[in-house]
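Visitor: Mind looking at a prediction? Sequence and model below.
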Amino acid sequence: MGKTKKVWTTGRFGVRYGKRIRQLVIDIERKQKKKHTCPYCNKQTVKRLAKGIWKCKKCGVKFTGKAYYPGE
Ligand SMILES: [Zn+2]
């Protein structure tokens, strides 16, 4: 396999958290990194601005969604 560590982005948490929590965070962060589909123009240009706030690059609309990813 590649060079990517198993802990992926959760390495920053060190050993304070258990494996299960890490897996959860990894799942969430994978979803965050993906581009999301805009509910208004249907383009995959939505990025997360902050917790629960999303912005579409294409039509510039800002909307709220779930804290970690727009409602799917
Ligand atoms: Zn849009």
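Guide: Good, I have the coordinates.

Visitor: Please tell me how far residue 42 sits from residue 36.
Guide: 11 Å (CB to CB, to the nearest Å). The way it works is simple: take the backbone N, C-alpha and C, and place the C-beta from them, glycine included.

Visitor: Looking at the two now, which is surrounded by more residues?
Guide: A count of neighbours by other CB atoms under 10 Å puts residue 36 above the other of residue 42 and residue 36, at 20 against 11.

Visitor: what's across from the closest residue in space to the more buried one that isn't next to it in sequence in the sheet?
Guide: Take residue 36 and drop its neighbours on the chain: the residue closest to it by CB to CB, 6 or more residues apart in numbering is residue 46, 3.9 Å away. Following DSSP bridges, residue 46 is listed with bridge partners residue 36, residue 56.

Visitor: Is it correct that residue 46 is in contact with residue 54?
Guide: Yes: here residue 46 reaches residue 54: they are 5.2 Å apart, a contact under CB atoms under 8 Å.

Visitor: Settle it for me: which of those two has more neighbours?
Guide: Ranked by neighbour count (other CB under 10 Å), residue 46 and residue 54 place residue 46 first, with 26 against 21.

Visitor: In contact with the more buried one, which residues?
Guide: Residues near residue 46 by CB atoms under 8 Å, 6 or more residues apart in numbering: 35-38, 54-57, 70.

Visitor: Helices of this protein, residue ranges please.
Guide: 19-33 (DSSP state H).

Visitor: so where is it shaky, pLDDT-wise?
Guide: Scanning the chain for pLDDT under 70 picks out 1-17, 32, 66-72.

Visitor: Contact residues of it facing the ion?
Guide: The chain has residues 38, 40-41, 56, 58-59 near the ion, with proximity defined as CB under 5 Å from the ion.

Visitor: Show me just the buried residues among those residues.
Guide: For the residues of the chain next to the ion, a burial check counting by 16 or more other CB atoms under 10 Å picks out 38, 56.

Visitor: Can you report how many residues neighbour the closest residue to residue 37 other than its chain neighbours?
Guide: Spatial nearest neighbour of residue 37, excluding adjacent residues (CB to CB, 6+ apart): residue 44 at 5.3 Å. When neighbours are counted by other CB under 10 Å, residue 44 registers 13.
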